[in-house]
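1. Structural data only, the sequence is not supplied:
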């Protein structure tokens, strides 16, 4: 979609926009089921990047306690618990700039992925930047999806991150897509961005070829010690509008209601589901931030009569449309997609 089309959508009266989004949602997701995902930080803190929202950056003085890469059996304990609790996708995040083949930590991650893949769950990782070789090896180990968020618009991005560029994120996503891994790519609301920035983010994402398999929509969880620690809470109705626009712009993707759910009432979450959200992170922790407890989520879904999606460990990546070439990125490079720093505001 173009920015102009998205601006026209976003400016619709609230219920008109929800009606449009609901029609798209029912066409592409007629069973109305919700995917339950669990996110685990397998390596926390000490990241060299300067993402202004992130408590895991080593550049900021935060209260976050860092830890090295978890042992494989510790990760498996969490993965088994997630599966027993109903999650169908297990996501693992590491606070790194990126990974490189031939390093000990990358080999350790591959071993972890191989073990988690035996549980018949979808396996997602978010490890920062990676090249084509690393992407192929992750696929062969059993990774079904890779999260790499764009965060915001190309124009606003330099105000949020300076240690890597928008084009770096796009390049990583190209490698992920070329390897045949599904892309999970979204953004964060509440980064002092404008409405135009939010819609530009959706414009970029909606023009990926192929489009992402999932689109997480995060609301900033201000972290003490970070540059955005005093940012105000995102208006809940702005969040619902963004969910609705994402559903229309990327109709075949799972739209994930992600970070910030602890601040949402049951009623606002219900509106988000109605507008097209069909995936949530499930459990007590979202990397470095609180997340609604599983029992509370189950109770809400039961109240709404919503069923949960079955696992699909053989998830195939969306296929590119040969008649719709990718749009040029801001610098003229081919546009594909995004980033992934392990943070509460990321996946």
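-> Now that the structure is in, tell me what you want to look at. Here the structure is a predicted model, which means the values were calculated and not measured. Residues are numbered from 1 along each chain as shown.

2. So residue 216: helix, strand or coil?
-> Of the three states, residue 216 takes strand under DSSP: H, G, I helix; E, B strand; the rest coil.

3. partners of it in the sheet?
-> When bridges are taken as DSSP bridges, the partners of residue 216 come out as residue 256.

4. from here on, count from 329
-> Sure, I'll start numbering at 329, so the last one becomes residue 544.

5. these two touch, right, it and residue 514?
-> Yes. Using CB atoms under 8 Å, residue 544 is in contact with residue 514, at 3.8 Å. All C-beta atoms are positioned from the backbone trio N, CA, C, and that covers glycine.

6. Give me the common contacts of these two.
-> A shared contact of residue 544 and residue 514, defined by CB atoms under 8 Å, 6 or more residues apart in numbering, is any residue touching both; here these are 477, 584, 586.

7. Could you double-check that the first one lies in contact with residue 516?
-> The one in question is residue 477. Yes. Under the criterion of CB under 8 Å, residue 477 is in contact with residue 516, at a separation of 7.2 Å.

8. Would you enumerate the residues in contact with residue 469?
-> If a contact means CB under 8 Å, 6+ apart, then residue 469 has 438, 441-442, 445 as its contacts.

9. Are any of these buried, and if so which?
-> The neighbour-count test (16 or more other CB atoms under 10 Å) marks 438, 441, 445 as buried among these.

10. so what's the last one up against?
-> In this case it means residue 445. Contacts here follow CB under 8 Å, 6+ apart; on that basis residue 445 touches 451, 469-471, 641.

11. which ones among the residues you listed are found in helices?
-> Here DSSP state H is the test, and the contacts of residue 445 give residue 469 as lying in helices.

12. Grab the two from the contacts of residue 445 that are most spread out in space.
-> When the contacts of residue 445 are compared pair by pair using CB to CB, the two farthest from each other are 469 and 641, 13.0 Å apart.

13. which strand of this structure spans the most residues?
-> strand 363-371 (DSSP state E).

14. Quick one: name whatever helix or strand follows it.
-> helix 400-412 (DSSP states H and E).

15. Just the strands from the chain, written as ranges.
-> Counting by DSSP E, the strands of the chain are 363-371, 417-422, 450-454, 473-475, 510-512, 515-517, 542-547, 582-585, 605-609, 613-614, 617-618.

16. correct me, but residue 543 touches residue 510?
-> No. Counting by CB under 8 Å, residue 510 is not a contact partner of residue 543; they are 11.6 Å apart.

17. Now do the closest residue to residue 586 other than its chain neighbours: how many residues are near it, please.
-> Leaving aside its chain neighbours, residue 586 sits nearest to residue 544 (4.1 Å; criterion: CB to CB, 6 or more residues apart in numbering). Per other CB atoms under 10 Å, the neighbour tally for residue 544 reads 29.

18. From residue 609, how far off is residue 544?
-> Taking CB to CB, to the nearest Å as the measure, residue 544 falls 8 Å from residue 609.

19. Kindly report the same for residue 502.
-> From residue 502 to residue 609 the distance is 26 Å (CB to CB).

20. Would you mind telling me which of those two has the busier surroundings?
-> Each of residue 502 and residue 609 had its neighbours counted (other CB under 10 Å), and the higher figure belongs to residue 609 (26 against 21).

21. Pull the contacting residues for the more buried one.
-> By CB under 8 Å, 6+ apart, the residues touching residue 609 are 365-367, 419, 584, 586-587, 589, 619, 675.

22. what's the answer for residue 394, then?
-> Taking CB under 8 Å, 6+ apart as the contact definition, residue 394 lies against 372-374, 384.

23. what's the closest of the residues you listed to residue 536?
-> The closest of those to residue 536 turns out to be residue 384 (CB to CB; 26.4 Å).

24. ok, and the closest non-adjacent residue to that closest one?
-> With CB to CB, 6+ apart as the measure, residue 423 is the residue that lies nearest to residue 384, at 4.1 Å, once sequence neighbours are left out.

25. pLDDT value on that neighbour, please?
-> Note for residue 423: predicted pLDDT of 80.

26. I'd say it and residue 369 touch.
-> Yes. With contact taken as CB under 8 Å, residue 423 and residue 369 are classed as touching, separated by 7.3 Å.

27. Which of the two has more residues huddled nearby?
-> When neighbours are counted by other CB under 10 Å, residue 423 and residue 369 differ, and residue 423 comes out ahead with 30 against 24.

28. got the strands of the chain as TSV, with distance to residue 569 columns?
-> As requested, the strands of the chain are exported to TSV (distance: least, CB to CB, whole Å):
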stretch	distance to residue 569
strand 363-371	22
strand 417-422	26
strand 450-454	26
strand 473-475	23
strand 510-512	22
strand 515-517	10
strand 542-547	10
strand 582-585	13
strand 605-609	12
strand 613-614	22
strand 617-618	23
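
29. what's the closest of those to residue 333?
-> The closest approach between residue 333 and any of the strands of the chain, judged by CB to CB, belongs to strand 542-547 at 16.9 Å.

30. which helices and strands does that closest one pack with?
-> Based on contacts counted as 3 or more CB pairs under 8 Å, 6 or more residues apart in numbering; DSSP states H and E, the elements that strand 542-547 packs against are strand 510-512, strand 515-517, helix 564-577, strand 582-585, strand 605-609.
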